[in-house]
Structure formats: structure tokens, C-alpha cells
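Chemist: Show me the folded form of this:
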Amino acid sequence: MRVDDTAESATPKRVTKRRIQTRERLLDAALLVFAEEGFGRSTVEQICERAGYTRGAFYSNFASLDELFLAMWEQRSAQMLADLREAVSGEYTGEPGELGVVESTARILDAIPIDDQWYRITAEFTAHALRNPSLKRVMAAREEAILATILPIVEAALARAGRRATDPQALGRALVAVHDGTTVQCLMEPESDTVRRARTNLFVSVLRNYSEEV
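Modeler: Numbering: from 1, shown residues only. Prediction:
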């Protein structure tokens with residue numbers, strides 16, 4: 001049975017429990033459809049079919065597939081940031097210097113898992129955004145906002161290791177570059193311990209080279 005949310009669309013500003021559930025089911029369905037079909041080949045109809053809703057339900061929550069993806073990205077980013085905060089806020093061994101950097105790196109990487117499904121979706125959407133100047137600007141602004149939120153968390157982790165960032169902005173961009181590049185390598189060779197170790201070592205190197213002891 002399909003669900004008709006015309007009652008919700010008549011009062012779009014009212015956030016009800018049912019409306020929240022509808023939105024969550026559409027986001028969950030979109031994740032599966034995007035992963036299976038690719039963002040560029042996915043349609044509103046496919047997502048509605050997977051979620052069990054009508055097109056009216058979709059458009060009462062999202063203006064377009066672009067808006068839906070950005071909502072999905074914001075949701076996952078918020079969860080990642082929460083996981084990162086929790087990971088770096090726990091008890092540390094108290095080891096100084098290099099061992100402290102290694103422990104901080106392990107905590108950061110544990111909070112940012114390598115997700116094949118999500119990587120494929122974001123890579124396809126990024127390619128789509130690069131063809132759309134206004135969407136590209138939105139993506140860039142959101143990336144900057146996420147980076148601004150992550151940096152204090154990373155700096156707090158460094159402080160617990162007895163270090164401080166010498167150039168926080170450069171550190172943040174270097175970490176993003178290492179994450180993006182090594183994620184591809186790990187996905188291409190998922191069984192390779194060598195690739196995983198290289199990823200960890202690169203993160204340790206970036207943290208060490210963009211920080212100093214205090």
C-alpha cells in the first residue's frame with residue numbers, strides 16, 4: 001500500500017512525528033536507490049516506490065533530488081561529527097609526543113569509517129555539482145562549514161597529545177586531502193593491510209608535520 005501525504009503537504013510548516021518519519025523513510029530509500037542506480041540515473045519515482053510513498057509525499061519534503069541529497073549529506077555529516085567528538089573525548093593513555101599523535105590518529109580514523117556505498121554516491125553527486133555552478137557553491141560552503149566544525153575537535157585531540165596546530169586551516173585541508181585520496185585506495189584494495197597502514201601513517205605524518213609540542 002502506498003501512502004498519500006496530502007494532509008502533510010497542506011501544512012508544510014508543521015513538523016509532526018509523521019512528517020519526520022516520512023522524511024526519514026525517503027532519505028533511507030534514496031540511499032539505497034542512489035547506491036544501486038547511481039545518482040544520475042535515479043528518479044523521484046524510484047525513491048517513492050522504495051519508500052512506499054507518492055510523489056506528493058516526496059515534494060512536500062524536498063524540492064528536488066539535489067535537495068534530498070544535501071539533506072542526506074547534512075544528516076550523515078552531523079552523525080560523523082558526533083562520533084568524532086565522542087571518539088576524541090574519551091580517556092587517553094597519557095602518552096606524550098609521537099605516541100600521543102598515533103593515539104589521536106587512531107581515534108580520528110575510527111570515527112570516520114570507509115563506506116563504499118556512501119563514497120560512490122558522493123563521488124557521483126560531486127561530479128554532478130561540478131556541472132552546476134550554483135550547486136557547486138552550495139557544496140563548497142557546506143564543506144567549509146564542516147571543516148570549521150572538525151578543526152576544533154582535531155585541535156582538542158592534539159592538545160591531549162601535548163601538541164598544537166601550527167596552521168589549523170592548512171592542517172584541516174591536508175587531512176581532508178589525505179582522507180579522500182586514501183579512501184579510494186582502501187576501497188580499491190579492501191583486503192590490503194598495507195594500504196590501511198599507509199593510510200594511518202599518512203594521517204600521523206600530517207598531524208605531526210602541521211603541529212608542534214607545547
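Chemist: For the residue nearest to R120 when sequence neighbours are not counted, list the residues it contacts.
Modeler: Distances taken as C-beta to C-beta, 6 or more residues apart in numbering put A35 closest to R120, at 6.3 Å, once the chain neighbours are dropped. C-beta: built from backbone N, CA, C; applies to glycine. Going by C-beta atoms under 8 Å, 6 or more residues apart in numbering, A35 touches 117, 120-121.
Chemist: same thing with C48?
Modeler: Listed by C-beta under 8 Å, 6+ apart, the contact set of C48 reads 2, 26, 29, 54-55, 57-58.
Chemist: Could you identify the least confident member of those residues?
Modeler: In terms of pLDDT, R2 ranks lowest among the contacts of C48, with 45.
Chemist: Show me the domain layout of this structure.
Modeler: 6-59, 66-213 (automatic domain parsing).
Chemist: rank these by pLDDT, which is bottom?
Modeler: When I compare the domains of the chain, domain 6-59 is least confident, with a mean of 86.
Chemist: where's that one relative to the chain centroid, distance-wise?
Modeler: 20 Å (C-alpha atoms, centre = their mean, to the nearest Å).
Chemist: do the same with stretch 143-152
Modeler: Counting by C-alpha atoms, centre = their mean, stretch 143-152 comes out at 12 Å from the chain centroid.
Chemist: List the contacts of that stretch.
Modeler: Counting by C-beta under 8 Å, 6+ apart, 77, 81, 84, 165, 168-169, 171-173, 175-176 sit against stretch 143-152.
Chemist: Report the buried members of these.
Modeler: 77, 84, 165, 168, 171-172, 175 (16 or more other C-beta atoms under 10 Å).
Chemist: and the nearest residue to L158 once chain neighbours are set aside, what are its bridge partners?
Modeler: Leaving out its chain neighbours, the residue that sits closest to L158 by C-beta to C-beta, 6+ apart is S211, at 5.3 Å. On the basis of DSSP bridges, S211 is bridged to A165.
Chemist: For the residue sitting nearest the centre point of the chain, give me its contacts.
Modeler: Nearest to the mean C-alpha position of the chain, by C-alpha atoms, centre = their mean, lies S77 at 4.0 Å. Neighbour list for S77: 142, 146 [criterion: C-beta under 8 Å, 6+ apart].
Chemist: How far does the lengthiest helix in the chain sit from its chain's centre?
Modeler: Across the chain, the longest stretch assigned as helix under DSSP state H is helix 133-160. Once both centres are worked out by C-alpha atoms, centre = their mean, helix 133-160 turns out to sit 11 Å from its chain's centre.
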